[in-house]
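In: Sharing a model that was predicted from the sequence below.
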Amino acid sequence: MSPQHLEEGVCADPSSLSNVLPPTASDLRGAVCVVFAGGTFRPSADALRKFPPVLVCKSRVKCIIEWLVSNNEWYSKNGITFSAENLAALVNGEEDTGVLQGVEITHLRDSDESVDASDGSDWSAITADLVTETVAYIDGDRSERSRRAMKATALAHALDHKRFLVSRTGSELMNDNLPAFLTAVFPHLNPWGIGGFNHPARRPEQHISFQRQLKNLLRQVDSPFAQDPSFPFVCWNILQKRAASENVAFSIPSARCHSLVSDIHEAESFITSLAEKLERDPRAKVETVGERGALRLFRELNVICRSLPGSDGYKLCRRNEIRSLTRQLGTPAFFLTLNPHDLTNVLVAHFGGLDVSLWCQLGAYEWAVFVASHPAAAAKAFDVLIQGFIDVVIKYNNGSGLFGRCSGYYGTVEAQGRGTLHCHMLLWIDGHPNPERLRSMMMNDERFEGLLFRWLEDVIRCELPGTTIESIGDTGSSKPARAEDVPDPRLQEPPQIAMCEQSVFEDAFHEFVTRLAIQCNWHEHTPTCFKHLRPGEEPQDENCRMRIDGSVRTLSYLDPETQSILLRRHHPWINNYNDVQQKH
């Protein structure tokens, strides 16, 4: 799909609907491109049979089109007919199964492969525009600022002879408000054409919003809508675009209502050049007088978008909510992050309809495939864990929890680069003093300081259970490899105190937490650790933004200069955690 249709995320496939199915070969020319990459491999008929989307069965296509025309009211209402001539011309060969005329099969040579002079293919032209402006799935936590790096990574992926698809654009975007939208874009999900959005047969009192109907479709048992790889993302993109169009407004000072318009017209050329400059380099310096004037105009023209998730206005509203809670409840006591591992979460298997015992036998690749094909199950599992943490661990408004009596909490959910969810949360605990009073109490009362340190060390662990400075020795930064015969602790049920004696439970629990902390909390530097480096700073231990630099701390103490609490750290590479919450 061309870049302009992907700026806001996944977009409904732009196409011109034809009144004759299948369309002609000229309409489909270049519509599908499958690239076989690597070595001197040339796709044969046998190889093509391993890629079902590449081959077309004429009898099946004929059967599907005739069925849709006969049984789907939207196809019959719009006068869509079946053309045997078009179908025959679309598929190469006389056999029932063949290659679609619109499929372009190409091959990227190895860099050391000799080029046949008789080959007229312009390989530089073929590889020039392989990468779209934005991508749907990426490795790591990336931002818009690193888009050029992502493009380079994707291009390198293609040139390294790894698999990828190129999708081309049609002539117009489909109107997602049409009642026929669902059956036109996803005929396999709505073949009868009776369950679409905005169905005209509904009376006004029967109106169902797009979002409410979408939730119903995704939450059905064994829902094909939830299992479809593109349906949830296409619909989410539609909701985002609607929210943007409904909530975006421009705010300017009343005194500038008329003069600002003329100033924008006068600065049109500078605005264009500035946009091109920042597109080439987001960190480029604004040097000319005209460019600085264009930036001043941008500051005066404020975009207000309070209800669109991810927008600056939305973030400002969330900050104001936190400020309101702080004014009402005082300073929050804890900031914590809940980051459930979806690839080993048995709840994903449960909600996805897979037996838990079979789930535990899968490998990392099979887990990833299952989660990617069941995004609704992964979202449900995440919601259950977060609600369980609120209801069981912190016990909001229900007595004392793990950290004390919780008087309030505030959480925001984010998605990482590959789509996994995590939650950042603030907790308010009854009796927690404000920072100034807390420092004063610690400096004036050694007993209180000792009790506070003991409590913090109990709920925030920075080492493995039973670890001391003497027992650490020379610990390398690399995480110890888990033996093949040792089960993954993330797939195991933690020891249950009701099933064994107290002493046996404590030993088993500490052993389980140790394996879990090594598996999940052993910090190894990634590019995310250094994504906020200043110019001249090197990606080294001391510059890790997670503040894990390989050092240890014998005792907890109050820093005399900053008056910050520095907790005991008996292990140089274990990220802080809570042993009770760790399994979740």
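Out: Great, that's in hand.
In: Distance-wise, check Trp74 relative to Leu90.
Out: 23 Å (C-beta to C-beta, to the nearest Å). Glycine gets a C-beta too; all of them are placed from N, C-alpha and C.
In: Kindly report the same for Cys544.
Out: Counting by C-beta to C-beta, the gap from Cys544 to Leu90 is 57 Å.
In: more neighbours, those two?
Out: Comparing Cys544 with Leu90 by other C-beta atoms under 10 Å, the one with more neighbours is Leu90, at 23 against 17.
In: Now that that one has come up, it's in contact with Val56, right?
Out: Yes: using C-beta atoms under 8 Å, Leu90 makes contact with Val56 at a distance of 7.1 Å.
In: distance between the biggest helix by length in the chain and the chain's centre?
Out: Scanning the chain for the longest helix, with DSSP state H as the assignment, gives helix 502-521. Per C-alpha atoms, centre = their mean, to the nearest Å, the displacement of helix 502-521 from the mean C-alpha position of its chain is 31 Å.
In: helices or strands up against it?
Out: Under the contact definition 3 or more C-beta pairs under 8 Å, 6 or more residues apart in numbering; DSSP states H and E, helix 502-521 sits against no other helix or strand.
In: is it true that Gly411 lies in a helix?
Out: No: with DSSP: H, G, I helix; E, B strand; the rest coil as the criterion, Gly411 is strand rather than part of a helix.
In: Is the nearest residue to it once chain neighbours are set aside part of a helix or strand, or is it coil?
Out: What sits nearest to Gly411 in space, not counting adjacent residues and going by C-beta to C-beta, 6 or more residues apart in numbering, is Met425, at 4.0 Å. The three-state assignment at Met425 reads strand, by three-state DSSP.
In: One more: Val56?
Out: Secondary structure of Val56, per three-state DSSP, is strand.
In: Mind listing the residues bridging to it?
Out: Assessed by DSSP bridges, Val56 has beta-bridge partners Gly98.
In: wait, it sits on Gly98?
Out: Yes: contact criterion C-beta under 8 Å: Val56 and Gly98 qualify, at 6.3 Å.
In: Let me know the helix or strand that Gln240 is in.
Out: According to DSSP states H and E, Gln240 maps onto helix 231-247.
In: no no, Ala368
Out: Using DSSP H and E, Ala368 maps to helix 364-373.
In: What's the first helix or strand after that helix?
Out: Following helix 364-373 in sequence order, the next helix or strand is helix 375-388 (DSSP H and E).
In: Measure how that next one sits relative to helix 231-247, angle-wise.
Out: 70 degrees (axes from the mean of the first three to the mean of the last three C-alpha atoms, to 10 degrees).
In: how big is the angle separating helix 375-388 from helix 364-373?
Out: If you take the same axes, to 10 degrees, helix 375-388 sits at 90 degrees to helix 364-373.
In: Which residues does helix 375-388 contact?
Out: Taking C-beta atoms under 8 Å, 6 or more residues apart in numbering as the criterion, the residues outside helix 375-388 that touch it are 218-219, 223, 226-227, 232, 338, 340, 342, 345, 347-353, 371, 411, 413, 419-421, 423, 584.
In: which secondary element of the protein has the worst mean pLDDT?
Out: Least confident element among the helices and strands of the chain, by mean pLDDT, DSSP states H and E: helix 123-128 (a mean of 38).
In: And the strands in the protein, which stretches?
Out: Assignment of strands within the chain using DSSP state E yields the ranges 20-21, 32-37, 55-57, 81-82, 97-99, 103-108, 165-167, 249-251, 302-304, 334-338, 406-415, 421-429, 557-558, 565-566.
In: so for the first one, what's the average pLDDT?
Out: Throughout strand 20-21, pLDDT has a mean value of 65.
In: likewise the last one?
Out: Summarised as a single mean, pLDDT over strand 565-566 is 92.
In: Give the pairing partners of that strand; include direction for each.
Out: As assigned by DSSP bridges, strand 565-566 forms pairs with strand 557-558 (antiparallel).
In: Check what contacts the partner strand and list those residues.
Out: With C-beta under 8 Å, 6+ apart as the criterion, strand 557-558 contacts Arg439, Met442, Met443, Glu449, Ser564, Ile565, Leu566.
In: how about a cut-off of 7 Å?
Out: Strand 557-558 is contacted from outside by Met442, Ile565, Leu566, using C-beta atoms under 7 Å, 6 or more residues apart in numbering.
In: Just the buried ones from the residues you listed, in ChimeraX syntax?
Out: In ChimeraX, this line selects whichever of the contacts of strand 557-558 come out buried by 16 or more other C-beta atoms under 10 Å:
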select :442,565
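In: export the contacts of strand 557-558 to CSV and tack on distance to Ala377?
Out: Listed next are the contacts of strand 557-558 as CSV, based on distance: C-beta to C-beta, whole Å:
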residue, distance to Ala377
Met442, 47
Ile565, 40
Leu566, 42
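In: on that earlier part again, as a whole number, average confidence for the longest helix of the chain?
Out: The model assigns helix 502-521 a mean pLDDT of 91.
In: So which bits of it are buried?
Out: In terms of neighbour count (16+ other C-beta under 10 Å), helix 502-521 has its buried residues at Ala508, Phe509, Phe512, Val513, Thr514, Arg515, Leu516, Ala517, Ile518, Gln519, Cys520, Asn521.
In: same thing with stretch 316-335?
Out: Buried, per 16+ other C-beta under 10 Å, within stretch 316-335: Leu325, Thr326, Leu329, Gly330, Pro332, Ala333, Phe334.
In: Relative to Phe82, which of those residues is nearest.
Out: Leu325 (62.0 Å; C-beta to C-beta).
In: shouldn't the closest one be in contact with Gly408?
Out: Yes: Leu325 lies in contact with Gly408 (C-beta atoms under 7 Å); the separation is 5.7 Å.
In: can you list contacts of the longest helix of the chain?
Out: Contacts of helix 502-521 (C-beta under 7 Å, 6+ apart): 464-466, 479-480, 482, 489-490, 494-495, 497, 500, 574-575, 577, 579, 582-583.
In: can you check stretch 545-553 too?
Out: So stretch 545-553 is contacted by 469, 472, 477, 523, 529, 532, 541-542, 566, 568-573, 575 (C-beta under 7 Å, 6+ apart).
In: Go again with 10 Å.
Out: 462-463, 467, 469, 472, 475-477, 522-526, 528-533, 540-544, 566-576 (C-beta atoms under 10 Å, 6 or more residues apart in numbering).
In: Centre of the chain to that stretch, how far?
Out: Computed by C-alpha atoms, centre = their mean, the separation of stretch 545-553 from the middle of its chain amounts to 28 Å.
In: Now do the end-to-end distance for it.
Out: Start-to-end span of stretch 545-553 (C-alpha to C-alpha, to the nearest Å) is 18 Å.
In: Use 43 as the first number from now on
Out: Will do, 43 is the new start, and the previous item becomes stretch 587-595.
In: Buried residues, that stretch. List them.
Out: For stretch 587-595, burial by neighbour count (16+ other C-beta under 10 Å) applies to Ile590, Val594.
In: and if you look at stretch 305-321?
Out: Applying a neighbour-count criterion of 16+ other C-beta under 10 Å, one finds Asp305, Ala309, Phe312, Ile313, Leu316, Lys319 buried in stretch 305-321.
In: got those as a markdown table, with pLDDT and distance to Arg284 columns?
Out: Shown next, in a markdown table, are the buried residues of stretch 305-321 (pLDDT from 0 to 100; distance: C-beta to C-beta, whole Å):
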| residue | pLDDT | distance to Arg284 |
| --- | --- | --- |
| Asp305 | 80 | 32 |
| Ala309 | 80 | 32 |
| Phe312 | 82 | 33 |
| Ile313 | 80 | 28 |
| Leu316 | 80 | 30 |
| Lys319 | 80 | 32 |
